[in-house]
Structures are given as C-alpha cells and as structure tokens.
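Enquirer: Would you be able to build a 3D model of this:
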Amino acid sequence: MKALQAVHGATWHEVFLGLWTAALRLTHRDREWVEGPKPHIESRLCMLLSLVPLACVIVIDEEEKAMSSSGGNSRGDIISTSNGDEKDKSRQGTRRAALASSLQALGQFEALLYTPQIAVAAANQAAQSIASILANVNASSMLSSENNTMPKSAVGNMRHLIVEACISRGLLDSTAYLWISSTGMSGNNMTAAPTTPQISPWSAFMEGAPISGSLQAALLSSPAESLAELEKVFQTAISGPEEERAAAASILCGASLTRSWNVQEHAVRLAVRLLSPPSGPDNRGTGSHLIAYAPMLGAALDGMTSVDSVNILALYGMFPELAASLLPICEVFGSLPPVVPRPSGTGEDINVYKVFSLAFLLLIRLWKFHRPPLEHCLLGSGAGLGADLSLEYLLQIRGIQCSMANSADKGKKDTLVEQMHNKRMSPLSPSFSHSMSSIRSPMPSTPTPLSQNVTLDSFPKLKAWYTQHQACIASTLSGLVRGNPVHQVADRLLNLMFKKFSKSTSSNSSSNSGGHGGDERPALAPWDVIAAVPFVVDEVLTACSHGRLSPRDLTTGLREMVDFLPATVASFVSCCGAEVTRGLYKAASMNGNDWPSPAANLFAVEAEIQDILASAGVNIPGLVTGTVGGNAPASLPLPIAALVSLTITFKLDKQSEMVLGVAGPALETAGAGGPWPSMAVVAALWTQKMRRWHDFIVFNASRAVFKQNKQAVSQLLRSCFSVTLCSSSALTSKLQGHGGVGALLGHGHWLPASPGLSSLAPGMLYLRSFPTLHDIMFVSDEILALVAESSRDFAMQGKTDPDLETISSTAAKLKCVHPSLSTAVARACQASALGASIVTTSGGATLVQKLYLESLPTWLLSGPDANSESKGTILEGYAVARFVLLSGALAWGISSSKTFPSSFSVFGVRSGIPAGVPSDMCRQHVLGSHLEFIASGLDGKISIRCKQITWKAYVIGFVALMVTCTPNWIADVKTETLRRLATGLRWWQQHELAFALLERGDSAAVGAAAELAMA
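Expert: Numbering: from 1, shown residues only. So this is what the prediction gives:
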C-alpha cells in the first residue's frame, strides 16, 4: 500500500478505497465458480475480511506510533473502541480518518457489496447486531425519537462485514455504527436476519457443555467469533477430556479456520500450534508424547488437508512453521508398527498409517513436491529455483523467524495477554509468531519446533527418505542384492500388490518375508514401506513395459499399494515424474483394451483448449492432432499412463482427498511435461470420469501449452497489455472495449460461459498459468520490452494523421506527436504499473533482481533493432524508469531498513547473497549495483547504445522518482556512487535534482551536498 501510495502520489483515502474495491472484485470474480479441486470463496473472503484489515492495521499504527514518539497534540480526548480499548483521540492520524472515509464512500458501490451465499448469515447477523446496538442507544434517549426507525429485522451486505472486521481490530470506533446505519440497513440478500437472535452453539460450549452429538456438529459448521472461544477449544484439544480432544481439534480446524474472519489470524496460528503439543512430565522418550495425542493430531491434520485450508495457511505465511511442526510427527509415526494400542488403554487403537499419511502428504504439499526434476536444478538465469521449492528452504526461513523472535524477546515488557489483546500486531511479524506459539497454553517441558531452530538432521529417518528421493530424481535406481532389508520389504509389498501371482512368481520373496502370505498385510513401519516404493515402481513399470505384467494388473497393484499406505503415492508420483523426464520407457497405446481410451472426447477437448487460448489472444498451430477415429490411437508415456490409470480409480470423497491432493498436481505436471497431446489425453480421460469437473479440467489442460512454449507465454503477456491499454481492437472487441482491470481479469466468467462459447480474460489465464512454468526468468525481459514498446507507441500515435500537422512546440520538443500529451503520459503510467504488477506477482524479489541486474542493463546496452524504424522518446525512458522503480518498491518496500522489520527474499547464486536474507539487504545490493551501472554510464565508462534521449529520460526519471517516492532507499547507497550520479546530473543541468539526491543520503552525502551548494 505504501509503495503504491508513494509512487502514484495518491491520497490515503484513494488507496484504501482502491484496496477495498479490488478485494471485493476478487471476491466476486469467480462468483459463478466452476466446480473442481481449487480454492473457493473462503480463501477470497479471507483476503477481504482478514488480511486487508490487518494490512491497514500496520500502516495506521506506523503513523500513530510516529506521532506518539514526536509528541503530537496533547489535548487528551479519550474515546473507547468496541473491544474495550481506550485511545487518545488526538493521536489518531490522517490514515485512520482516511480509512473511515473510504468505508463510507464504499456504500456507493452497491454492485460490489453483493454478499456470497456462504457469508449471508454472517452479514445479516452483523446488520442485526448494529440494529440492536442502535436500538439500545435509542432506548437510552441518546438519539432523538424521530430517528428511532430501525427495522425489526435487518439485511446485511459485505460492507457490514468489512466494518465489523475493522471494528474488531480497533481500526474504527463505535461511531461507525451511526454512519453505516444512516445509509439504510437494506441489502441484496434475499433472507433477512431473524428478529430474535439465534443462540450460538459457542455460547453453550463456553458455558461448559460437553462436545458431543448435535453441539459438535454445530460447532464444526459455525466459526468462532472471539479469541476466548478459540483459546478454549484449543485448550480442550490439548488438555481436555480424552473423549473430547479429537472433536475439539476438528472444530478448530473446521469452519473456525476458514471463516472466523474477525479472529482468523489467531485461528490459523492455534491450528498449527495443535501439531506441536507439549510433552508431559511422564514423557518416556523423545517424541513419544505425540503418540498419546494421535487421535487429536489425526483430526487436526484431516481438517487441514482441504484445498481452502491449505490456501489460507499459505496466505498467512504459515508454511515454514507448519513444516517444522510436521517433521516430528512424520518421524515418530513413521517408525511405529501399523497399529499401536492407546496409552490410556481406552478407545480404539491408533491407526499409525492414517496419521503418518496425513502428516507426510501435507508436508510434501508445502514445498511443491510434484514439480519435475528440471525445476529443482536450474532457473533461467542460473539461479537455483530449488531455494523456494525445497524443504530445506522452509526450515531455513523458520530458523530465521525463530532467531528474530528470540531477539525481539529481549527487553520485552508487555505481558502475553496484553500482546494478544492488542489488535495492532501483524500476523506476519516475528513477534506475533512467537507470541502465538505460546498463547495461554501449558508450557512444554522440552523445546518445540515453534521455539527453536529445526533442521533435517534432527530427524534421521525422514532425512534418509529425503536423500533417497533426491537420488531417485537424479538418476536411475541401482540394483539391490537379495537379502537386503529394503529388498525384503519390496518383495513383501509386491506380494501384497499382486496376490494372485504371489505363489507362482514370488515364492522366494514369500520365504524371505517372514512367512507373510499373499492374503495377509505385512506389519511394516511406514518409513520401511516408503523406502521400498521406488524399487517396487521400477520393477512393475519394467515388467509392464516388457509385457510380463498387464496394464490392468499394474493399475490394480498400484491401487492396492496406495490403499495399504496412502503415503506411498508421494514416492510413486516422484518416480513417475523423474521417469517422464528421462524418457526411458516406451509409450503406452491408449486403445481402450489394456489402457483406458480417450477417443470418445479427445478431439472435443483439444478444440476447447484451442478456443480458450484463442479467446486470450494466443494462437499456437498444431494443437488439434486429428488422430481421433484413425488407425493411430493416442498414446502416453508409460509412467503417465500408469499415473492417470491409478487416479481415475479413486472416488471423489473425503478419504481420497489427501491422495488426490498430491497425485492430481503431479499428474498435471507430468502430463504437461510429456509430448503433446499428453495433457489433452489426460484431460479427456478425467472428463469422462468427472463430467461436472469438465470446465476445470479443460482449463488446467490449456495451461500445459505455456509450459512447453515460450512463444505462447509471450503472446499471452502481449494480450494482457493489449486489452488493459486498449491497444488492440481485435482483442478488446471480444473482451472489454474500455480496457483496465475488468478487461485484464474479467468480470466473473473465466471459463466457457455456455456450450461452444469460450471467453477467457488473458490476465486470469496468466495468473493461473505462471506457477507451472519451467522458466519464469525470461518474463522480466518480455515485460520490459512491452512497457517500452507500449509507451513508445503512445508517444508516436498520430504521426501519420493528416489532421495533426500542427503540433504544439512542447510536444515537438518531447518528440511526442500524440494529440494529448497528458493522455499519453497517463497510459504510459498504466503500462508501467501493469508491468510492475506482473513482474512482482510472477517472481517476486527474484524476478525484480533479474530485472535490475540483467534485463535492464541488457536493454540499455543493446540499442535499437537494425530493422526497426522506432525512435526513442522521453516518454519511453520515463515509463521504463517508473516501471523499474515500482517493481522494486513492490518487492522490497519503501521504508527505511533501520526502522522497519525485514521480510525475506529468495536470491540466486549469481547475486552473491544467500537465500533467506532480509529484503533490505537484498535491496541494498541490487539497488547499489544498478546505481553503479548508471553512474558508470554517466561517467562514460560504459557505452550506452540505446537512444540518448531515452537514456537521459530514464536516468532523470528514475533518480527523480527515487528522490520523491523512495527517499529511504538513498540512505543505503554508497556515498561515492551518489557523488558520481550527482556529477552526471549536473552535466545535464539538473542541479536541483543532484542536490536533492545528495541531501537524502547519509551524513557523508549531506556533506557533499553542502559542497555542491557552495560551488
């Protein structure tokens, strides 16, 4: 927010209003969402009602703390907020007032305030609460009787929920009830809130009612509304009655995790905290206390496996902490036999396989386990992409968070309770993380992953698997000598998978397996089974490839293996992905005899994919194979055929969700990595099984084109610029003639709206596609070229128009012949903002580093194309400067590195900065290198080959924007670099700019500025 406000020169009222409208558009963009395993409305409401208010808390607190430290006004008027906090009214800054005014203005956007069905009850309840409060005020004669016209029943909308979320976090005081009621309590919800408020099931729970029967079901579907309710259910799950712990964990990880918007930052922290329960005084060994919590852990993990739950945990940045909590669970339960008696001797025995599979599969989902080997080795610029995809990276970030939290503890004076009730704490800050890790819970007798650094070395069995996993990706398996323990386990697993062949083909294996027959499931620890899976997969794929095993028996055997231990699907998909990359197995003919056939709808699926791409301005010839009905049936690489045949055997229920949550993305990645039409064949087979997921599956299949074809990505990026800037009549006529965000992202329809009609906004297609790209680094080059080209076109528009023979002298000097200079500048600014948004969304700080250190210098040094007749313009240089600075501001922030907590960035090996370093250090390195490059160009040490007018406009524009918008950056730049820049600017007669640049540097630079002033 601060970066956009500074660069665009907007008021805080405009910033907050734009933020609310953008979040509301996000909520409604997929109003008619397509059914499929993707995040639904809960994740978007989390952004609107929880994360956006928390972001507002940060910027408002920053201003008011600065006012308090500087003395401010001492008038001392005291007001009370709805949560009981007292505030000095004189300490409220302009940002808080701007927030209130933006929410008042939000009432004008009635179309955006439509309430999704899942939030109707909450909106009506919020409206009814406001009506009740005002009715009580009227009854106390604090308002005139003529205003006493509140309805007996109230209908709420999204603004009621937004205001309630802001009041709950202390952003607004109780006077907000007055102005929100003055606009009327009517909304667009068809069902009004009842005149008599219904009793919340949480009231009964807080009064001590046991969790059972109907109360348990009601608590599962009703989100908690207060921190006290979350704390009590958390305490029940940790130390409550034995029979209530699992139910309490399910409740905390149910609706309270996904829909407790006013306290959701606490809900996600407590839900993750459940996975690291304290060890009691009778602990029998390291980690053994987790066994006693097995039912509770299983219930908590089961609640976290849903798509929306995982996405919400990601939005709150909880993956490092979650990974650290899952490691001991995997280590302990992976070493146990399949069934362990309950330590208390009551209840059912613990199903070790289920708890282990839930924890293990959730763990590997956190670090994009399904990505192919290529993406773990090399990024386009030579930087290691594995840094942000590996388990080590998550644990490294967690270690840095722990060290920062421990440092923050020194000198801390506030009590924990005071911190928790202080709504000013950011959910992403280290102090918040550390406070939540120990919130009102029994202190563990031994350190937990939430309070100490965690490394893989502490978990030897998991580390052994992780090492084996990386070895299987890197090379083929080496043979095992018979009698080896892993070989014995593999034989027993093969006996289980192929029971009818066990007597004839595995007699030796049966004798080595301790007497277990084909009909008896072996009692093996999960880690032992996982270690044998790669050898089993290699054996069965080789047998199928040589005709010794039929495809039907292969699929049946794989399903037996996954049913036996669901966690084995992780190793299976890993082996399949690696084998697809290696390409050693011959293709499988999908003829409908041995393997399932896609012939019934393959041609239609390919045609739909081509229509979706064409609607977004992407034209790739040869997508339709035309083989359907011919003599050459479609084929798939054998590993993909085995994987898709396995996945279509599962029913789409809660039990299969954890398996398909790993196998589904892996199948999509493997299909996209195979030769075309592999992904179309996979989509055709799955649409035959799940017709109601047809649109979702076809859309995902269309993304495979971008993974295999950089030209398609370039066309899509060009379409994004064309529709947003209205520079292509061919596309804007199909989508939105007025351009802007609506044309870029659409208005709620991102898939075929009716049979035979595909209309897809290019921005939505790009947002869904860029995470799957092998190489994202070339995007910075493409965006830079598009920003420069767009701004150059705006400057040169109308050059050949006979009606524009008379041009103002100003426009002529600027080499800009557009009839309206202000319009051209505005559209160039729009292009730079769009480019910065795409760059930071696509690759974050990593891609911004590439832009500063490689893309931009290459562009400046390359010069114009010999075949191009384009001329450099001032507008082109200024637009590029604005684009580059805004990209850096969005990635690094604009605050001083000395006064603002650091975030973390991922940098590649070429930058000389290790992964996980604070972003302010990255900013100093990258910005310093770029300014050194500019200074060398001004000194003549580097030959700049682009047009001189463009180079001059870029340098002056970038320095001017840095001086006015991001002055805190300048203090981190070396004084000598600032001196050289100031000298070059003086040669261009930019004396005031040179002085302003030095003035904002450190003390040495200020001295240089004084010398410059006296010169």
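
Enquirer: For stretch 993-1006, output the C-alpha coordinates as PDB.
Expert: Extracted in PDB, the C-alpha atoms of stretch 993-1006 (Å, rounded to 0.1, in the frame of the first residue of the first chain):
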ATOM      1  CA  LEU A 993      17.900  17.100  -8.600                       C
ATOM      2  CA  ALA A 994      21.600  16.400  -7.900                       C
ATOM      3  CA  PHE A 995      21.400  18.400  -4.700                       C
ATOM      4  CA  ALA A 996      18.200  16.700  -3.600                       C
ATOM      5  CA  LEU A 997      19.800  13.300  -4.300                       C
ATOM      6  CA  LEU A 998      22.800  14.100  -2.100                       C
ATOM      7  CA  GLU A 999      20.700  15.700   0.600                       C
ATOM      8  CA  ARG A1000      18.800  12.400   1.200                       C
ATOM      9  CA  GLY A1001      21.900  10.300   1.600                       C
ATOM     10  CA  ASP A1002      23.900   9.600   4.700                       C
ATOM     11  CA  SER A1003      25.900  12.200   6.600                       C
ATOM     12  CA  ALA A1004      28.800  12.000   4.200                       C
ATOM     13  CA  ALA A1005      26.500  12.600   1.300                       C
ATOM     14  CA  VAL A1006      25.000  15.600   3.100                       C
END
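
Enquirer: Buried residues, it. List them.
Expert: 993, 994, 995, 996, 997, 998, 999, 1000, 1001, 1005 (16 or more other CB atoms under 10 Å). (C-beta placed from N, C-alpha, C; glycine too.)

Enquirer: Then stretch 939-952?
Expert: For stretch 939-952, burial by neighbour count (16+ other CB under 10 Å) applies to 944, 946, 947, 949, 950, 951, 952.

Enquirer: what is the mean pLDDT for the helix ranked longest in the chain?
Expert: What stands out as the longest helix in the chain, according to DSSP state H, is helix 821-850. Across helix 821-850, pLDDT averages out at 91.

Enquirer: List the buried residues in whichever helix or strand comes after that helix.
Expert: Downstream of helix 821-850, the first helix or strand assigned by DSSP states H and E is helix 856-862. For helix 856-862, the neighbour count (16+ other CB under 10 Å) marks 856, 857, 859, 860 as buried.

Enquirer: okay, these in JSON lines with pLDDT and distance to residue 742 next?
Expert: Listed next are the buried residues of helix 856-862 as JSON lines, based on pLDDT from 0 to 100; distance: CB to CB, whole Å:
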{"residue": "856", "pLDDT": "94", "distance to residue 742": "31"}
{"residue": "857", "pLDDT": "94", "distance to residue 742": "36"}
{"residue": "859", "pLDDT": "93", "distance to residue 742": "31"}
{"residue": "860", "pLDDT": "92", "distance to residue 742": "34"}
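
Enquirer: Select, from those residues, the two members most distant in space.
Expert: 857 and 859 (7.3 Å; CB to CB).

Enquirer: Hmm, residue 550 and residue 544 touching each other?
Expert: Yes - here residue 544 reaches residue 550: they are 7.5 Å apart, a contact under CB atoms under 8 Å.

Enquirer: rewinding a little: which of the buried residues of stretch 993-1006 fall in helices?
Expert: Among the buried residues of stretch 993-1006, the residues falling in helices (DSSP H) are 993, 994, 995, 996, 997, 998, 999, 1005.

Enquirer: Leaving out chain neighbours, which residue sits closest to residue 222?
Expert: Residue nearest to residue 222 in three dimensions, not counting chain neighbours: residue 201, with 5.6 Å by CB to CB, 6 or more residues apart in numbering.

Enquirer: For that neighbour, which residues are in contact?
Expert: 215, 218, 219, 222 (CB atoms under 8 Å, 6 or more residues apart in numbering).

Enquirer: again, only using 10 Å
Expert: 209, 214, 215, 216, 217, 218, 219, 220, 221, 222, 251 (CB atoms under 10 Å, 6 or more residues apart in numbering).
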